[in-house]
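Colleague: can you look at this prediction? I've put the sequence above it.
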Amino acid sequence: MAAITRKHLLTAAVAGGVAGPLDLLAATAQFKAPFDVICKSVAAGWVGREAAMAGGLPMAALGFVSDLGISIIAALIYCVVTPAREIARPWLNGTLFGLAMFTVMRFIITPLSAAPRGAMPPMVLAESLLVHAFLFGLPVALIAAWMLRPRP
């Protein structure tokens, strides 16, 4: 595994800082819910749905910061484990990374959290896969390719 450099950290902060809010904004459209409600649904992973929805602005802030943290950590993992020759090819790698992130969130992170779980209707599943592939994974990969490319 490659060493984590300052360049990796900066790239992850930028990539995660772009992709995380994009994911939240897409969720507002997908679920036709206000931004603060989407953020509170993320906070539900920490405190449960009832407490998160009743918590007001502090719970929305907790959800936003949590989503941002997850996004930055995921972007850092992408930047560190993706070989340089693959970083230069972001379209496929970013899409696959987004799908992998969906899988990790759906089947590992969410089940370990206090968030409610349930069956995902097929249309919601399809939309969620597309959002993670193209509005999360792809921006992370494109930003990584831009920021980590070798300079002449």
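Modeller: Received it, and whenever you're ready, just let me know what you need. Everything numeric in this text was worked out from a predicted model, so none of it was measured.

Colleague: ok, residue 61 touching residue 40?
Modeller: No: look at residue 61 against residue 40 with CB atoms under 8 Å: they stay out of range, at 9.6 Å. The C-beta positions use only the backbone N, C-alpha and C, and glycine is treated the same way.

Colleague: looking at those two, which is more packed in?
Modeller: Higher neighbour count among residue 61 and residue 40: residue 40, with 27 against 15, using other CB atoms under 10 Å.

Colleague: who touches residue 92 in this structure?
Modeller: Residues near residue 92 by CB atoms under 8 Å, 6 or more residues apart in numbering: none.

Colleague: just the element for it, please.
Modeller: Taking DSSP states H and E as the definition, residue 92 sits inside helix 90-104.

Colleague: for the record, mean pLDDT for that helix?
Modeller: For helix 90-104, mean pLDDT is 96.

Colleague: quick one: low-confidence parts of the chain?
Modeller: Where the chain drops to pLDDT under 70, the residues are 1-2.

Colleague: thank you, goodbye.
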